[in-house]
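A.B. asks: The following comprises the amino acid sequence and a computationally predicted model.
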Amino acid sequence: MKRLLLVVMVGVVLASMSVMVVSGAPIKIGICQIVEHPALDAVRQGVIDSLTAAGYVEGTDVTYLLANAQGDMGTALSIAQDFRAQNVDLVVAIATPTAQAAAQVFAGTDTPIIYAAVTDPVAAGLVMDAKDPSENGNITGTSDLIPVASDIALLKELSPKIKKIGMVYNPGEANSVVLTDLAVAAARDLGVTIIKAVADTTANVPIAAQSLIGRVDALYVTTDNTVVSAIASVVGAAEEGGIPFLVGDPTSLGSGVTLATGFDYYEHGLLTGSVVQQVLNGKKPNEIPVTYQSKTVVVLDLDAAAKLGLTFPQSVIDKASKVFYGGAVWERAK
Amino acid sequence: MALILIHAAEQGLLYGIAALGVFITYRILNFPDLTVDGSFVTGAAIASSLLVTHGFDPFLVLAIAFAAGALAGVITGLLNTRLGITDLLAGVLSMIMLYSINLRIMGRPNISLLRTNTIIRVVERVFHPLGNMSVLLFITLIALSIMFILVLFFKTEIGLVLRATGDNEQMVIAQGVNTKRIKVAGLALSNGLVALSGALVAQYSGFADVGMGIGTIVAGLAAVIIGGSLIRSRKVLWMTTSVLIGSLIYRTAVMFALRYGHVIGFQASDLKLVTSLIVIIALVVPAFRERMSRRVKTC
Amino acid sequence: MLRLESIRKAFRAGQDVVLALGGINLALDKGDFLTVIGSNGAGKTTLLNVIAGTIFPTAGKVMVKGRDVTTLPTHQRARWIGRITQDPLAGTAPMMTIAENLALASKRAHRSLRLAITRKRRNEMIDQMVSLGMNLEHRLDDPVSLLSGGERQALTVTMATLAQPEILLLDEHTAALDPANAARVLLLTQEFVERMGVTTIMVTHNMEQALSLGNRLLMMNNGEVIYDFSGEEKESLTVIDLVDLFSRKHIVDDELLLKTS
């Protein structure tokens, strides 16, 4: 019985390998992400959809190898090595650790690597320079660097009473550290102070959030994967403290956050897809500088604001593209 | 196909060095040591920060990483022997402390080694004619050297005492040995190896990340247990070899799960499930074989 | 060689205080062989524990060769004191080979990074095992767990020899063995103790053993020494005398009576 199972397994393996050999024509694109996460999944879908819309039919023009490192750095490396062993023509690496692994494995080859959702590609060692791509080798991509300065300015706009802003973040996430440092600097320029609370795992987010209540006038969370995963506890802390809460993830509208800014990660995926298309059309990665997403949105939760007794100033409402009111999402009429 | 095996072997041996460290505490000393999730990163942290900011020699960096890991092990040992904290808890406390310490060493959560002169780059340059095999050969050399040095160490007087401490501590005390010191020494050696592994893995992966140590104890135990169930021998040479083999099997299982998991209908997110299944098969096969042969004999 | 001065040991169990040893005074010269008998709970093992350092006395002093070792931890006393317990499995490391166990035993102080088993050492081990007459010289590389209880205890005695102790504590070390092995181990012990002039204390429940071995006999009960015989007085004692002495003190112990042969 055991032997039969073994034979069947070997047979299946050989069959699948032969299939891979026969279909040599389509472009092989390996897409990898560090972890299952709605934002990262949206990026992946955006990339695929943008290519499909551009006329690359899956199966005939292009095949996708999808992989997910499940939060393990060693696995991210194995995935990159697997892509290389399978001779992919292009790699799309979503998030920093996956991008770094791909960059290492494909160093010295011609295979283009397009990274996505990397906040600071220079600090991550992926590229030498953000503006001048000539030294970047075979790597280029899109950055999800959110405009923290305008976020802080937005919070200030809500009320002149907002002088101290509390931030919960994971010091173990490179992207988050970059954004938090930028926020601290921006706050200084705008005349407000940032008070930080660290949460190195999702389990520690509630405690960190609660530790800020009573000491700050507003809460701000950037695109920190750890904290965003536990957003509900931060919402709870903000409600308890009666203070507004801004998060850099617009998909959290309706979860109780007072207002949210940032990118739609599906749009980010479409943007990445366009970079992929540039490379597929012949442009070299070291001719394309880091692509920053520019279309940020502002969304407001009127119900949450009402609970706080807060009225949004007209200037803020003018910026919003969506509001949450009466339990439903309303879009601005075009 | 050959490339996937080369990569599996490279990773298997690199992480195998950490598995040898886990072997020393878990098998030899009977001390379940959770420090390793932290000390693995300590090695990576020290190696990367010294390489990037100070341009140290890659080989020297390995020695320093080992020393740092040994220090972490000493801390756990002192927590246990001097303060009377139980082994599991002492390891956990050290691991938690190391998280902050590692962040301090690195200065930030992630350091890229992509454009730094790492030991891997040196090897690729020096052994260029060997092509794909150069790194594998180097890693094999290092792993086997470490293994043989360990085997030799366990044949020395101190090595024998270390083994006996885990086997019959009362007897060793009655023979005039301060077993507290021996345990601390064992933990130091073990975590030194784990940190060394971390330093090598960081240079191999091209980056050091404060989260890269998560799962070190699990992977190490998997290697020790798989190896131990395949090769049942009390001879030190076989025990250490089995640890490296166990690590190779574990990493190969991950690779195969990645590549062929979808063939059996598994999705990308089922990776850990598939890996565990392969590990279970590896564990069950020798026991199954034994039961079959026993059945034949009684017929 | 060994002196105990007013050793008292009290154990606390909740509210109750048990006096395991109440004011023991003892002096042994080099080469003395003391046998100790007494009913269960008499304090015999506690006495050995205090001498070995496994427990510290509540009061009193333990002196070895004129040196106060009362609060010295066990591993530091092991320089002079060897001990063999009743459990035949406790004296050897089961996962290590006979050769490795022997190698461990012979080093008392500084252990270095030198190879533990050299060719010279191995030949010595073979000789040592040959003299045991149990065919163990062919099994030097077998893990000790494969040996029988009797073989392991014989090995323990050999290991004690190698450590060259000045004081040897034997806690009913043949009690758990079958008669053949018990006799062999006892013979081994006697021969080694005589040859090296080791000061020995042997606890036993076997009155015949207690009488035939050694030059001194101690009877204990309730943590105190009730009789102390030495020299000719000891030699002239018989088992009947001992039983009589016990019953005079109203001590009736089945175990003692059963083990009189």
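C.D. replies: Received the coordinates, thanks. Numbers count the residues shown, from 1 in each chain, chains lettered A, B, ... in the order given.
A.B. asks: When you work out contacts or count neighbours from here on, use the C-alpha atoms and nothing else.
C.D. replies: Noted.
A.B. asks: all helices of the chain, in order?
C.D. replies: The chain I'm using is chain A. Taking DSSP state H as the criterion, chain A carries its helices at A:2-22, A:38-53, A:73-85, A:96-105, A:148-158, A:174-190, A:205-212, A:225-229, A:231-241, A:265-280, A:302-308, A:314-319.
A.B. asks: not quite, I wanted chain B
C.D. replies: Under DSSP H, chain B gives helices at B:2-23, B:36-54, B:58-81, B:87-106, B:119-126, B:133-153, B:157-167, B:169-174, B:179-205, B:216-230, B:236-260, B:271-298.
A.B. asks: Do any residues in the first one lie close to chain C?
C.D. replies: This points to helix B:2-23. No - for helix B:2-23, no contact with chain C is found by Cα under 8 Å from any Cα of the partner chain; the gap never falls below 15.3 Å.
A.B. asks: Which strands and helices lie in contact with that helix?
C.D. replies: Counting contacts by 3 or more Cα pairs under 8 Å, 6 or more residues apart in numbering or on different chains; DSSP states H and E, helix B:2-23 packs against helix A:73-85, helix B:133-153, helix B:179-205, helix B:216-230, helix B:236-260.
A.B. asks: Next, the angle helix A:73-85 makes with that helix.
C.D. replies: Orientation check (axes from the mean of the first three to the mean of the last three Cα atoms, to 10 degrees): helix B:2-23 against helix A:73-85 gives 160 degrees.
A.B. asks: Where among the helices of chain B is average confidence lowest?
C.D. replies: Here the helices of chain B differ in mean pLDDT, and the lowest is helix B:271-298 at a mean of 74.
A.B. asks: so how far is that one off the chain centroid?
C.D. replies: Here the centre of helix B:271-298 is set off from its chain's centre by 24 Å, with Cα atoms, centre = their mean, to the nearest Å.
A.B. asks: Over to stretch C:59-72?
C.D. replies: Centroid separation for stretch C:59-72 versus its chain: 19 Å, with Cα atoms, centre = their mean.
A.B. asks: Residues of the stretch 1-150 of chain B that sit close to chain C?
C.D. replies: By Cα under 8 Å from any Cα, no residue of the stretch 1-150 of chain B approaches chain C.
A.B. asks: and the stretch 1-150 of chain B, which of its residues are near chain A?
C.D. replies: B:1, B:3-4, B:7, B:103, B:108-115.
A.B. asks: for those residues, which one is nearest C:Arg111?
C.D. replies: B:Leu103 (38.7 Å; Cα to Cα).
A.B. asks: Surely the closest one touches B:Pro109?
C.D. replies: Yes - using Cα atoms under 8 Å, B:Leu103 is in contact with B:Pro109, at 6.0 Å.
A.B. asks: between these two, which one's more packed in?
C.D. replies: The neighbour comparison of B:Leu103 against B:Pro109 (other Cα atoms under 10 Å in any protein chain shown) goes to B:Pro109, with 22 against 19.
A.B. asks: tally of neighbours for whichever residue of the stretch 1-150 of chain B sits closest to chain C?
C.D. replies: The nearest approach of the stretch 1-150 of chain B to chain C comes at B:Ile28, 10.0 Å away (Cα to the nearest Cα). The tally of other residues near B:Ile28 (other Cα under 10 Å) stands at 17.
A.B. asks: same question, C:Ala27
C.D. replies: The tally of other residues near C:Ala27 (other Cα under 10 Å) stands at 11.
A.B. asks: Which secondary structure element is home to it?
C.D. replies: For C:Ala27, the element it lies in under DSSP states H and E is strand C:16-28.
A.B. asks: Any idea what A:Thr140 is bridged to?
C.D. replies: Here A:Thr140 sits in beta bridges with A:Ile114, going by DSSP bridges.
A.B. asks: surely it meets A:Tyr292?
C.D. replies: No - with contact defined as Cα under 8 Å, A:Thr140 and A:Tyr292 do not form a contacting pair (11.4 Å).
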